[in-house]
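> Below are the sequence and a predicted model; questions follow.
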Amino acid sequence: MVWLTGGMFVVACLMILSLLALVLYQGLSTLWPRPFLLLSTSSDELIAGELQSRQNYRLSRQNLRELDPASQVQAEQLLNGAAQVNAKRMYLRTGNYEVTNRHFVFVPDLSITSKKPIEPENVWLLERREWGNLYGFPKSLSWTDARETDVVPLVRDAMRDAARVSSALEHQKNLLERTDRRLADSRIAVRQVELNEKIDLQAVAEQAIQDSLAPSADVSSVAAGSKALDGLSVGARRAIERLIEETKASSELQITINEEIAKLEAERNARSVVMQLPIPEAAHPISVPWSELVQGGESASDELKNAVGLGDVSDTIEIHTKPLQDRQAILELRWQSQPPLMLWGTANADGTTSVSRLREHTVLIADIVRLVEPNRLSLIGKAGVYASRWGEFLFGQPREAGVEGGFFPAIWGTIVMTLVMSLAVMPFGVLAALYMREYAKGGWLLSIIRISINNLAGVPSIVYGVFGLSFFCYTIGGFIDGGPVKAGFNPWPSTVWFSAVAALAVLGLIAFVISILGNQAGQRDSSMRRWIGFLSGLLWLSCLVGIALLVVKSPFFHGFYEAQLPNPTFGKGCLLWAACTLALLTLPVVIVATEEALAAVPNSLREGSYACGAGKWQTIHRIVLPYARPGIITGFILAMARGAGEVAPMMLVGAIPLATELPLDFEFPFLHGSRSFMHLGFQIYSLGFQSQNSEAAKPMVFTATLLLLTIVTLLNQTAIWLRARLRKRFQTSQF
Amino acid sequence: MNRLKAIAEGQKVESVIQDEVLARDPILQIQNFSLFYGRKQALYNISMPIAKGMVTALVGPSGCGKSTLLRSVNRMNDLIDSVSIEGDMLLSGDSIFDPGVDVIQLRKRMGMVFQKPNPFPMSIFENVVYPLRIDGERDKTRLMQVCEHSLRGAALWDEAKDRLQESGLSLSGGQQQRLCIARAIASDPEVLLLDEPCSALDPIATGKIEDLIEQLSGDYSILIVTHNMQQASRISDHTAFMYLGRLVEMAETSLIFTRPKLQETEDYITGRFG
């Protein structure tokens, strides 16, 4: 038996360890810079890319056709009649997406013809704001014809300048956005007046705006415009006047801001770097023999110069050859002090030689986020790049639809959502558990409720998502936005509604009288007291239902955000409803944990407190709650950890793949309950399975998983630490 | 043995109470008190006086209802749903079980100490002044006065005066029980109810508590439940012998331990049965 149990223990440990190892390895290694390789294949292609990993795979007869003819022969030999065989391949990140239309490539070992891949020293990796990574060799800078071999510092300086320009640009765009929002707000205010006073202001407003904006806006036309306002109420006039002011202000601001933006954009776009991508262009045959070309040397023949368009260069040109295999080589042409010109040379079958220049591509300096020279990095340099990438990952904004760059909005969204969720779940859970454990008398009803709550913890979380969407977002959110009509309740006519109010008032009075009667009668007869208690409870309950019904069926309430309709404010997935849904989801966890913590409070303490003459609530809040606090907090943090990791309901009630605004920021009112937000768990799902290029996103998925696991583990560790610390206070020294 | 047999068979048996006990000025008067757990009767028509300023011990075999009777005095049994009672008790002439009685005010007139020390998870100081805290007392000097007075009364002052802010749970078992006594006398109660206060303590701690009870008698009227005959004989002025929910005999301790009126009492006390 010990072997069986021990074996199972080992299996469980192995499963956990291997999961951890996978996530840790993949998550931690993704951002580590890797060497950039050049190799050639049996189809005479030049393959270039950052080596992500070497993988094992099954080579089978079915996928032979994907290989080129030469590799097929190789593969046949390898297979040797078998249906499939293990083989190795390289997994390379090629980047340059806008040119090659791919991010990654798999190269089977058997189709690699180069003896040893080249690791060119001067290759650059440019991480860009758009289009992902670019790999290539620097050729020239647009703003200077610097006679230096090492242009990296120049580019770094330019990037720093560009960052300043970009932030200035960002600032101007924010200003523009803010004026736009103010204008939109004043339009909404006019619409609100229209709704309140049931009049049509559109024509008046438009006219007034046109009058006041016309270039020939003289006194008389403005006066005429204001005459149109005469018949209106004070509120309407104020709204229209504000609209006119905002329109004027924004049209003036727009001109200056747009000028500024145009200036900044011109400055931003002024500097670029021309890169040579590892993609050979059309080949030019030359008569220089291959052997001579490969030897390189001081001077290139004029023929070579002419073939690659360097006819007018009078300096001597050095040729450095890096042979990939017998018939293919990378040629570096150096003259004076310049970044070298890269060429792709091949020996043709007929003894002639062809050379081709590499595809050139211009990259705006402002688009570059990070410049890395992957093959020149020392270990410390690699660590520096690694740290800088982690910094961006943790604190930066996403690029490329979240595939690259930072996860800060997702981390922030997760944290804020979890905090709001805990604020919502804590009072409910603890008070409900307090009632069930300290006040309720027990009995079958309580047992049923307790069982239901325990079962609620097992309901699939997507069910909560569906409920949250239909109840919180559409019903309550719709009600807040546009009143009963928007939420799908038919409001009563006002006569019916007022009679219902009257009926409810009578009901409330009866309930009140009966409760008072019950209190007096109860002192004599306990069975009578129970009946009257039951009856008055029922009456109070129906009063509550009646009030809810009155609110829901009110013909007078049209929502707080009617003017914004049909754009929903709260009637969609957003932070508030996501937090409420998760609060509902974690409620059972909190209730069960709190109940257990309360049950663990020794009865002798309660008795001791009662014996001192303490009342029920005094006992609870002075003795029971402090004693149960560690347990309550533990349950609470476990609920937080569960809520932070929950994804399925988030998809329905507010998480989005890319949010421009944070749910908690420095803008009044700071916490924006009606905003959608980014969420780490949802980000893992949407990156890995929903994004256009999930292959490129795969490494990020692991990194995000690692981050989420870290957050959840941290929360759990905090719970354990907190419990241990609080428990120490209640340790009793037994004799 | 006939009486006990009669009780076991459910017959009604008159309890024997010494006249000297009846002659004392009672602080607590138990009158025809019966108690039921659901349908099961636990106490049968108990009538007895608890003398003012004296120590009254309740003795009897396990399950005879001593603790139930004690816990009825400050209505701790109210916490159990199924309990119902008949009869009444009078504390200084005020009814305890009248429907109009404010239980919380009633409990403030008594102090209670339980079998196991149950200090609250707070500092020694807060433990002692807890009864005042729940009355809303904020005056620091008054709280300190009461704390010192109660701790002196409970013979704990010398040991605890330097560590008032430490947790009450950091004390030893005997000290914890004395802390509970200090808490019970902090509100200057009319009656002190002790429910086997020494059963969880070692002999030395027990001795200290017994000394303390002797000191307290006179200032406080004490009702103590005990299993220990020697303890009852050492510390109590009056002793009541209970059996199966009935009061069998009650008399001055010196009398009941030397020449009880009933043979049954003598048998129990001398350990011949029980």
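Received, thanks. Residues are numbered from 1 along each chain as shown, chains lettered A, B, ... in the order given.

> Pretty sure B:Gly111 sits against B:Glu190.
No - between B:Gly111 and B:Glu190 there is no contact under C-beta atoms under 8 Å: 9.0 Å. Bear in mind the C-beta positions are built from the backbone N, C-alpha and C, glycine included.

> quick one: low-confidence parts of the chain?
Since you didn't name a chain, this refers to chain A. A:146-147, A:149, A:212-231, A:296-300, A:337, A:401-402, A:521-526, A:693-694, A:729-735 (pLDDT under 70).

> Chain B is the one I meant
Counting by pLDDT under 70, chain B contains low-confidence residues at B:1, B:273-274.

> What are the boundaries of the helices in it?
Shown for chain B, the helices assigned by DSSP state H span residues B:2-8, B:19-23, B:66-73, B:103-108, B:124-133, B:140-153, B:157-160, B:173-186, B:203-216, B:229-235, B:253-258, B:263-269.

> Buried deepest among those helices, which one?
Stretch with highest mean neighbour count among the helices of chain B: helix B:173-186 (a mean of 26; mean count of other C-beta atoms under 10 Å in any protein chain shown).

> ok, is it in contact with chain A or not?
Yes - Helix B:173-186 is in contact with chain A by C-beta under 8 Å from any C-beta of the partner chain, via B:Gly173, B:Gly174, B:Gln176, B:Cys180, B:Arg183, B:Ala184.

> The fourth one reaches B:Pro117, doesn't it?
Yes - judged on C-beta under 8 Å, B:Cys180 makes contact with B:Pro117 at a distance of 5.5 Å.

> For the helices of chain B, give me TSV that also has distance to A:Ala266.
Formatted as TSV, those follow (distance: least, C-beta to C-beta, whole Å):
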stretch	distance to A:Ala266
helix B:2-8	109
helix B:19-23	110
helix B:66-73	90
helix B:103-108	81
helix B:124-133	73
helix B:140-153	74
helix B:157-160	81
helix B:173-186	82
helix B:203-216	90
helix B:229-235	100
helix B:253-258	108
helix B:263-269	109
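
> quick one: which of the ones you listed is nearest A:Val430?
A:Val430 sits nearest to helix B:124-133 of all these, at 22.8 Å, using C-beta to C-beta.

> Tell me the helices and strands packed up against the closest one.
Applying 3 or more C-beta pairs under 8 Å, 6 or more residues apart in numbering or on different chains; DSSP states H and E, one finds that helix B:124-133 makes contact with helix B:140-153, helix B:173-186.

> Report the buried residues of stretch A:697-717.
For stretch A:697-717, burial by neighbour count (16 or more other C-beta atoms under 10 Å in any protein chain shown) applies to A:697-709, A:711-712, A:715.

> right, I mislabeled it, should have said stretch A:247-258
Those would be A:Thr247, A:Ser250, A:Leu253, A:Gln254, A:Ile257, for stretch A:247-258 by 16+ other C-beta under 10 Å.

> Hmm, A:Gln172 and the last one touching each other?
Put plainly, it is A:Ile257. Yes - look at A:Ile257 against A:Gln172 with C-beta under 8 Å: they come within range, at 5.4 Å.

> Tell me the secondary structure of A:Val601, please.
What DSSP: H, G, I helix; E, B strand; the rest coil gives for A:Val601 is coil.

> for it, phi and psi?
Backbone torsions of A:Val601, given as degrees, to the nearest 10, read phi -70, psi 120.

> That one: how many residues sit nearby?
Other residues near A:Val601 come to 22 when the count uses other C-beta atoms under 10 Å in any protein chain shown.

> Cross-check the contact I'm expecting between it and A:Tyr627.
Yes - judged on C-beta under 8 Å, A:Val601 makes contact with A:Tyr627 at a distance of 4.8 Å.
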